[in-house]
Each structure stands twice: as C-alpha cells, then as structure tokens.
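Student: how would this look folded up:
(2 chains)
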Amino acid sequence: MIGRLVVLALVLFMTLPTLVVVVASFNPTAILSFPPQGLSLRWYENALTYPQFRRAALNSLIVTAASAALALPIGTAAALALVRYPVRLRGLWNTALLSPLVVPGVAAGLGLLILAARLGLLANRVVLIVAHVVLVLPFVIRSVMVSVANLDPMLERAAASLGARPWRVFRRVTLPLLRPGLFAALLFAVIVSANEFVVSLFVSTRVTEILPVAMFTYVVNYTDPTMAALSTLFVAATFAAVFLADRLLHLSRVFQIEGHR
Amino acid sequence: MTGKAVVALEAVSKAYGATRALDGIDLAVHEGELLSLLGPSGCGKTSTLNIVAGFIEPDAGRVLLDGQDVTRQPAWRRGLGVVFQSYALFPHMSVADNVAFGLRERRMGRREAEARVAEALALVRLPAAGAMRPSHLSGGMQQRVALARALVIRPRVLLLDEPLAALDRKLREEMRAELREIQRAVGITTIFVTHDQHEALGLSDRVAVMNAGRIEQLGTPREVYQRPATGFVADFIGASSALEGRAVDAGTVELAGGQRIAVRLPRPLEPGTRVRLLIRPERVEPGDGGANALPARVASVMFLGDHAEVRLELPGGARVLAVVRGTVVVEPGDRLTVTLPPDAFLEAP
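Tutor: Numbering: from 1, shown residues only, chains lettered A, B, ... in the order given. Here you go, the predicted structure:
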C-alpha cells in the first residue's frame, strides 16, 4: 500500500512539470500562468505559423535524419568491434566513444564552435550534423552492444560453414538478429537529437538553428504561451513515436538481455 | 590402414597467448570413417575441429582436404558440414529456411532446394517440421534439424562438435545410435568431438585420444581400451585400478602387501624397479582361477541394476575395482578370493 503511494507520488512528481505545460498551453491570455483562465488554441496557431519555428522544424528534421542515418552504421560497427574483437586499448575506446555522455555540453559546444569557425563552417548545417552524430553515438553504441552481446557467434560460424561469405553472413544472420538493438538505437538517436539544445546553441545561426534553439530564443524574447503549445506538440510527437515503436517493434523486449538457447 | 586420407592434418600447432592449445597434431581421416577426437576439456579437440572447419587458422602446419592444401582457405569455401553443440539454428528462420540456408548460398533453384530440404528432413525423421520455428522444437529435434542443415549441402566431411552433450541421457543414447545409422547410410567421412568415452567407443571406427594439445593414441575403440599406449589413455578411458609394486623378475611383481603375482606385459620388467600396474574392473575375476588368486575383503558395493561395482581391498591395503553381475549378492565385509589374470595387466608409464 505504502509502496503504491510512493510510486504514485513519484509518477506525479515526474510528470507534473509536463502536465503544467500542457495545461498552460490552452491558456487564452498572453502570459504564461497557472492555473489557466480559459481554453484556447490561439497559441497553437501562433506556434504553427511562426516562420522561424517552421524554418527551425525543417532544420531539426534534416539534422536529426542525417545524424541518425550516419550514427547508426558507425555505432553498429563500433559496437561489433568493441564486443567481438580483441581491440587494443578497448577500455580507452569505450570511454572515448561514450564520453559525450559525461562531457558538459558547454565544453563540447565551445570546442565545436572554435573548430567550425576555424574551418569557416559556422553557417553550415554540416557542423550541427557532426555534433549530433557525436552526441547520439553513445546511445546507439550502447543499444547495439546489448544485441551484439546476445548474438551467439556460433550462428555466424554456422552460416559460414554453409557457404555464406562474410558479407552474406552479415546480411542474412548478423543484421536480422541485431534488428531489435538497431530499432532501439534509432529511437534513441531521434529522441536525443531532436531534443539536443546546449551544443546546438553554440554551433547554429539564425538560419541553421534547430527547434529547441529556436524555442529558447523565442522564450528569451516573448513570454506568451506559444512555447507551452509547442512544447506540448513536441511531447506528443515523442510519445507517439515511442508508442508506435513499442507497438510495431515490441520495444520493451529490446531492453531485456535475453539469453540465447 | 585402408582408404585415402580425406582430411589430413600435418604438424598443426595453435597457441593462445602462452597456452599451447595444439602442439604438432598429425592426423589422417579416411574415406567414410567416423573418427572421434576424445579428451578432457581443454585438450585441444575443439580447436582441432575448428581448424579443420576453417573457423580458426593454425599458427603452423597444414590442413589438407582430399590432398589439397586448404590451410588458408576460409570456412565458406571448404564445403564441410558442421553441427554445433548449441545447434546454432538461426532463430529468425523457419526450420525449412534453416535447412535451405546452404542451398540458397549455392544459388540452387527453388524447386530443387525444396526437394532437397524435404529429403534431408525425412532423413532425420522430421518430415513435418519445416514450417516450425527452431525455438518451438525440443532439444532432440533441434539436434536433428542441425544435422539435416549440415547434410543437405552434401558436404565432403561432417564435423560434429559435442552434438549430444546438451541432451538428457535417454535421448542422448537414442540419438547416438541414430547418428551412427545416418552416418553409415550417407557414408560420409565424419569427425566427432566428444569428452564422453562411451560415445567415442560406441560410435567410432577410430578414436584419437587427446591430452594437452597432443594426440596420445590413435586407434580402434578396442585398441585404445584394451591396449592403452600411455598412462593418460589408460586412466582416461574406462575405469581401472592401480597396483603399486616392485619387479622381482621379468614377469613377477611383488605388491605392497607382499603378494607375488605373475604378469604378462608387452615388455619384460627390469628386476628391482618400481612398477605401477593397471587392471580393468571387468578383468578381475571372482573365485580361484589358478594363477594370481588372492584373498580379498569387500570394502564397498555400488549396486547399479544390471551390474554392481565392488571395491575390494587386498591384504596390504591395495584397492581393486571389480564388476559383478547384478544378480550376484555381495556385502561389504565379505571375504572372497579373486583372480587377477596375468595377461590382464597394463603397465602405467
């Protein structure tokens, strides 16, 4: 009983900020206040028609898609190497590849800013994409590593003994069996990239900035509930993605380490 | 030895770091024979199989398939059938797709492949399992599918890596007999890796007993059991009791208890030297059989149904294991006479 109450309190505590934002987004008045004084969709209209948000949304789409498309194969290769092969200095590699998780975003952003300026790429999306690939990689590598660890190497030997050359072994055995890890990796990559803010703030301009950065800029200048409306849409989109992924791909299974027979 | 070598290993060595997994293995496997690699874990039997299969490369030496050097050839080019201890069935494919895997890699037409898959599944007596998933099959059935998958490509050689180890005892014995029947019917040259001496003795045409990366003895099951070449082989295969003593003359040994026994060994003994004699339990005969009849006391009895293992103590403390039929009643403490036939002894080096 007490346990249930604690869980309930925890759930409430974790979801309360989101709920406040959702409720505030329907507020008809021009200030962010709680509780709301009525119900209105005007801020949703404003959010969806504001030109800079539209531009930023497109940027977000491009950067997230490109970084996921790059991070997935790179991360898969890294995960296979780290689990399977006697890599020299494995610990060092592991740490280096996972370091974006612990390096403060400000430091990473500043470093990238200096590099980008030096290379004359400041106003270029390439810098943003590279930054996102780096930030997303730890999640991709971790997810795929779980699947690789669950993959019985004997299966690949069996395939080879049946006449499959290495590429065919990868296509017909390795890749299909890594699928759960790859889906999890894709989901992580998209969520992390779509929500990335600190590093992106450093390396984007008004033209290349992604949605979270645009939202921040907006909040600095205006205090109306447009932000709340956009945040609500953002949360809804993320929820929908996770829900669909779970339904279609049985994501919950991915996070369990299943012993092979 | 008859027949030509289908698989030949010449001075094959392999080390993992400082450990020598294989230390100069020479081995020839002949057409149609079933050869077992028998030994304790870590003896190098699986490494040997992996080198034949092409999964690992030896540090030194050559691997020949039908006289051709395949030492540097990758596994997928060798055309050998492998059955793994874990079966290694592809979990994301149906049984039929598992069996058809190697045929697809050979770009065989769909109709012909289907016919071959059906034929292979019939051979392992699973004609109706094609549409099932491997995870829905019992261990014994998975084992059969793995065998069908390996045989369907009509491999030059069949390699079996402890294929029965994961099965429970009754099933293991059934599969052992069936495996032998299928191997005979197909007539395929087979290398069988096992740590189970009963499997090796019961299945094989020849047995290579391995220890610490070397082949201790290569011979028919009868040879390795009845005439072990080394102390390790005598110890590892079959139960045997050891008797310590001192050679009195070329054919007589005085045991620790003072008894003098006659022995007929392949080489004469040097008088005065210490000897360690081994005797198989089934060669210890109850009753007075003439030469070497000794008084003994029953120390313990293990009744095993069809037979009983009886531990006998000779005057002086030496212990000898004997096997009697299950119908014979003996109790601990009984005194009796046993005969140790002179030609029953092996000398432990």
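Student: write out the residues of the stretch 101-250 of chain A neighbouring chain B.
Tutor: Residues of the stretch 101-250 of chain A lying close to chain B (C-beta under 8 Å from any C-beta of the partner chain) are A:152, A:154-155, A:157-166, A:168-169, A:172-173, A:176-177. C-beta here means a position set from N, CA and C on the backbone, and glycine is covered the same way.
Student: among those residues, which ones are in strands?
Tutor: In strands, judged by DSSP state E, none of these are found.
Student: give me the pLDDT value at the residue nearest the centre of chain B.
Tutor: Central residue of chain B (C-alpha atoms, centre = their mean): residue B:200, 2.6 Å from the mean position. As predicted, residue B:200 sits at a pLDDT of 92.
Student: what about it, which SS state?
Tutor: helix (DSSP: H, G, I helix; E, B strand; the rest coil).
Student: tell me the contacts of it?
Tutor: Shown in contact with residue B:200 (C-beta atoms under 8 Å, 6 or more residues apart in numbering or on different chains): B:36, B:38, B:192, B:194, B:207, B:221.
Student: so of these, which ones are in strands?
Tutor: B:36, B:38, B:192, B:194, B:207.
Student: what stretches of the chain score poorly on pLDDT?
Tutor: Picking chain A for this. A:249-261 (pLDDT under 70).
Student: oops, chain B please
Tutor: B:1-3, B:349.
Student: so which bits of it are right by chain A?
Tutor: Counting by C-beta under 8 Å from any C-beta, chain B sits next to chain A at B:53-55, B:74-76, B:78-82, B:84, B:86, B:88-92, B:101-102, B:105-106, B:135, B:149-150, B:153, B:159.
Student: from the stretch 1-150 of chain B, which residue is nearest to chain A?
Tutor: residue B:102 (3.4 Å; C-beta to the nearest C-beta).
Student: which stretches of chain B form helices?
Tutor: B:45-53, B:75-78, B:95-105, B:110-123, B:139-151, B:169-186, B:197-203, B:221-226, B:231-236 (DSSP state H).
Student: my guess is residue B:56 contacts residue B:50. True?
Tutor: Yes. Judged on C-beta atoms under 8 Å, residue B:56 makes contact with residue B:50 at a distance of 4.6 Å.
Student: residues contacting the nearest residue to the residue of the stretch 1-150 of chain B closest to chain A once chain neighbours are set aside?
Tutor: With sequence-adjacent residues excluded and distances taken as C-beta to C-beta, 6 or more residues apart in numbering or on different chains, residue B:102 is closest to residue A:162, at 3.4 Å. Going by C-beta under 8 Å, 6+ apart, residue A:162 touches B:76, B:101-102, B:105, B:149-150, B:153.
Student: going by neighbour count, which of those residues comes out on top?
Tutor: With neighbours taken as other C-beta atoms under 10 Å in any protein chain shown, the top of the contacts of residue A:162 is residue B:149, carrying 31 neighbours.
Student: relative to residue B:85, how far out is that residue?
Tutor: Relative to residue B:85, residue B:149 is positioned 15 Å away (C-beta to C-beta, to the nearest Å).
Student: find the residue closest to the closest residue to chain A within the stretch 151-300 of chain B in space, skipping its chain neighbours.
Tutor: In the stretch 151-300 of chain B, no residue comes nearer to chain A than residue B:153, which is 6.2 Å away by C-beta to the nearest C-beta. Spatial nearest neighbour of residue B:153, chain neighbours left out: residue B:102 (3.9 Å); criterion: C-beta to C-beta, 6+ apart.
Student: residues contacting the one you found?
Tutor: A:162-164, B:149, B:152-153.
Student: does the residue nearest the centre of chain A count as helix, strand or coil?
Tutor: Taking C-alpha atoms, centre = their mean as the criterion, residue A:192 is the residue nearest the geometric centre of chain A, at 2.0 Å. Per three-state DSSP, the secondary structure class of residue A:192 is helix.
Student: how about the contacts made by it?
Tutor: A:135-136, A:139.
Student: show me how to select, in ChimeraX, the buried members of the residues of chain B next to chain A.
Tutor: Selection of buried members from the residues of chain B next to chain A for ChimeraX, criterion 16 or more other C-beta atoms under 10 Å in any protein chain shown:
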select /B:53,54,55,75,76,78,79,80,81,82,84,86,88,89,90,91,101,102,105,149,150,153,159
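Student: what is the neighbour count of the residue nearest to residue A:198 when sequence neighbours are not counted?
Tutor: Using C-beta to C-beta, 6+ apart and skipping residues adjacent in sequence, the residue nearest residue A:198 is residue A:105, 3.1 Å away. As a burial measure, residue A:105 scores 17 neighbours (other C-beta under 10 Å).
Student: would you mind measuring from residue A:105 to chain B?
Tutor: Separation of residue A:105 from chain B (C-beta to the nearest C-beta, to the nearest Å): 39 Å.
Student: residues in contact with that residue?
Tutor: Taking C-beta under 8 Å, 6+ apart, one finds A:197-199 in contact with residue A:105.
Student: and which of the contacts of residue B:102 is nearest residue A:146?
Tutor: residue A:164 (24.6 Å; C-beta to C-beta).
Student: that closest one touches residue B:103, doesn't it?
Tutor: No. Contact criterion C-beta under 8 Å: residue A:164 and residue B:103 do not qualify, at 11.5 Å.
Student: mind listing the strands for the stretch 201-349 of chain B?
Tutor: B:206-211, B:214-219, B:241-249, B:252-255, B:260-262, B:274-279, B:285-286, B:293-303, B:307-313, B:319-325, B:335-339, B:345-347 (DSSP state E, counting those that start in this stretch).
Student: per-domain residue ranges of chain B.
Tutor: Residue ranges for the domains of chain B, per automatic domain parsing: B:5-230, B:239-347.
Student: tell me how far the ends of the last one are from each other?
Tutor: The reference is to domain B:239-347. 15 Å (C-alpha to C-alpha, to the nearest Å).
Student: nearest to residue A:117, out of the helices of chain B?
Tutor: helix B:75-78 (50.6 Å).
Student: quick one: list the elements packing against that closest one.
Tutor: helix A:153-161 (3 or more C-beta pairs under 8 Å, 6 or more residues apart in numbering or on different chains; DSSP states H and E).
Student: return the distance of the helix it packs on from the chain's centre.
Tutor: 34 Å (C-alpha atoms, centre = their mean, to the nearest Å).
Student: now for that helix, which elements pack on it?
Tutor: By 3+ C-beta pairs under 8 Å, 6+ apart, helix A:153-161 packs against helix A:166-169, helix B:75-78, strand B:81-83.
Student: now these as TSV including distance to residue A:147?
Tutor: TSV is the format used below for those (distance: least, C-beta to C-beta, whole Å):
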stretch	distance to residue A:147
helix A:166-169	16
helix B:75-78	24
strand B:81-83	24
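Student: what's the closest of the ones you listed to residue B:271?
Tutor: strand B:81-83 (53.2 Å).
Student: strand partners of that closest one, parallel vs antiparallel please.
Tutor: Sheet pairing of strand B:81-83 (DSSP bridges) gives strand B:157-161 (parallel).
Student: dump the strand it pairs with to CSV, keeping only the CA atoms.
Tutor: As requested, the backbone C-alpha atoms of strand B:157-161 are provided in CSV (Å, rounded to 0.1, in the frame of the first residue of the first chain):
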residue,chain,number,x,y,z
VAL,B,157,33.2,-34.1,-44.4
LEU,B,158,30.8,-33.9,-41.5
LEU,B,159,32.1,-32.2,-38.3
LEU,B,160,30.3,-32.8,-35.1
ASP,B,161,31.2,-30.7,-32.0
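Student: now it and helix A:153-161, what's the angle there?
Tutor: In terms of direction (axes from the mean of the first three to the mean of the last three C-alpha atoms, to 10 degrees), strand B:157-161 departs from helix A:153-161 by 180 degrees.
Student: now do strand B:157-161: everything it contacts.
Tutor: So strand B:157-161 is contacted by A:161, B:6-7, B:29, B:46, B:49, B:52-53, B:65, B:80-85, B:150-151, B:179, B:183, B:188-193 (C-beta under 8 Å, 6+ apart).
Student: okay, how far is it across stretch A:206-215, tip to tip?
Tutor: 12 Å.
Student: in it, what counts as buried?
Tutor: Quick answer for stretch A:206-215 (16+ other C-beta under 10 Å): A:208-215.
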